[in-house]
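Peer 1: give me a model of this one.
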Amino acid sequence: MSQPADLILVNGDVLTVDAGFSVAQAVAVRDGRILAVGETAEIEALAGPETRVIDLAGRTLLPGINDSHLHGAAWGLTRPPFALSVGYPAVRSIADITETVRRATETTPEGEWITGLGWDLGYLDEVLADPSRRPHHSDLDAVSPDHPVALTDFSAHMLWVNSKALEIAGITRETVSPPGGVIEVDADGEPTGILKEAAQALVQGLIPVASVEQRKEAIREAVAALHAEGITSYTEPGLGPGGTQILGGGLSTESLDAYIELARAGELAARVRVLLLPAA
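Peer 2: From the prediction side, this is the model:
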């Protein structure tokens, strides 16, 4: 043996996903690449005095998962510290969400945007108790009258905003819903603060876009979170000039630039394929 392995994992069910879908017991790794796969005894022979040894104790080891459709950069920008986490189980009610926003107002300069992601009607206590109850701009107004607030739901198909955001966007009872979108209104015809589908862009286009440096940090954070779930490679399903108005600008050329800079610096700890959005 010329050089020992840096890492070996033994005593497990190693799913190789080779042509025969064979199952081994152990794996040896050196310089970030698989050195050998086989039985525990033969892999242990590749260890040296500095080799890290992990006993899988019968657990399953499989190759890194590939996600074929993952907006990594945009997702990273919708997570702390760039945006509030307002999804279950971090929050369980409208009251929880408004309290999260209230706390954010204490550290956000007046007038700056507060954004967040994750709320889901199916997990909000008030909605579960009264199916006719819906998030409303007044809920957010009570805790954030001076900061515009924009909270994207878990599916990214709805945006919940406060009155300040509606005011900045010029959305009133007279505003016509754009093609492919809905400005939700109440029984009196007044906007409720819920914008659906393409109507989200009326507000999202006003939120200051992240810098390339911020996007690089967001990608690093996203990749680390993906690694914790076993995802080591993914496809960004569209970045470029055509993504400026999509997902809060998270699909714009700046995100592509961030990936390029990370890759060139050897700091992109995942295999990422990118589809291009050349035009709007």
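Peer 1: so A199 makes contact with T175?
Peer 2: No - the pair A199 / T175 is not scored as a contact, 9.2 Å apart, by C-beta atoms under 8 Å. Backbone N, C-alpha and C define where each C-beta goes, glycine included.
Peer 1: of the two, who's got more company?
Peer 2: Shown here are A199 and T175; by other C-beta atoms under 10 Å, A199 has more neighbours (24 against 15).
Peer 1: quick one: contacts for the more buried one?
Peer 2: 159, 177-178, 181-183 (C-beta atoms under 8 Å, 6 or more residues apart in numbering).
Peer 1: also A198?
Peer 2: 178-181.
Peer 1: where do the strands sit along the stretch 151-280 of the chain?
Peer 2: 158-161, 181-185, 191-197, 231-239, 271-276 (DSSP state E, counting those that start in this stretch).
Peer 1: which residues are in contact with each of A199 and T175?
Peer 2: Common neighbours of A199 and T175 (C-beta under 8 Å, 6+ apart) are I183.
Peer 1: check contacts around A270.
Peer 2: Residues near A270 by C-beta under 8 Å, 6+ apart: 72, 223, 226-227, 231-234.
Peer 1: same check, this time on S138
Peer 2: Contacts of S138 (C-beta under 8 Å, 6+ apart): 163, 193.
Peer 1: in a helix, it, correct?
Peer 2: Yes - using DSSP: H, G, I helix; E, B strand; the rest coil, the assignment for S138 is a helix.
Peer 1: and the gap between it and G122?
Peer 2: Distance, S138 to G122, by C-beta to C-beta, to the nearest Å: 22 Å.
Peer 1: hmm, back to that, now the buried members of the contacts of A270.
Peer 2: For the contacts of A270, a burial check counting by 16 or more other C-beta atoms under 10 Å picks out 72, 223, 226, 231-234.
Peer 1: contacts only, for R271.
Peer 2: Contacts of R271 (C-beta under 8 Å, 6+ apart): 232-234.
Peer 1: closest one of those residues to G193?
Peer 2: Distance to G193, by C-beta to C-beta, is smallest for Y234 among the contacts of R271, at 33.1 Å.
Peer 1: residues contacting the closest one?
Peer 2: Y234 touches 66-68, 70, 72, 226, 270-273, counting by C-beta under 8 Å, 6+ apart.
Peer 1: same thing with E197?
Peer 2: Contacts for E197 were tallied using C-beta under 8 Å, 6+ apart; they are 157, 180-182.
Peer 1: so which of those comes closest to G250?
Peer 2: Proximity of those to G250 (C-beta to C-beta) peaks at H157, which lies at 15.1 Å.
Peer 1: and the contacts of R271 as JSON lines, adding pLDDT?
Peer 2: As requested, the contacts of R271 are exported to JSON lines (pLDDT from 0 to 100):
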{"residue": "T232", "pLDDT": "96"}
{"residue": "S233", "pLDDT": "97"}
{"residue": "Y234", "pLDDT": "98"}
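Peer 1: may I see these arranged in TSV, with distance to Q3 as well?
Peer 2: TSV is the format used below for the contacts of R271 (distance: C-beta to C-beta, whole Å):
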residue	distance to Q3
T232	24
S233	26
Y234	31
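Peer 1: S163 and P191: what is the separation?
Peer 2: Counting by C-beta to C-beta, the gap from S163 to P191 is 9 Å.
Peer 1: and those two? which has more neighbours close in?
Peer 2: Using other C-beta under 10 Å, the more surrounded residue of S163 and P191 is P191, with 21 against 18.
Peer 1: is the more buried one in a bridge, and if so with what?
Peer 2: With DSSP bridges as the criterion, P191 is bridged to V185.
Peer 1: please report how far it lies from R33.
Peer 2: 56 Å.
Peer 1: before we move on, back to that, any shared contact partners between S163 and P191?
Peer 2: With C-beta under 8 Å, 6+ apart as the test, S163 and P191 both reach H137.
Peer 1: residues near the residue nearest to I194 when sequence neighbours are not counted, how many?
Peer 2: Nearest residue to I194 in three dimensions, chain neighbours excluded: E184, at 4.0 Å (C-beta to C-beta, 6 or more residues apart in numbering). Other residues lying near E184 total 17 when counted by other C-beta under 10 Å.
Peer 1: with that, I have no additional questions.
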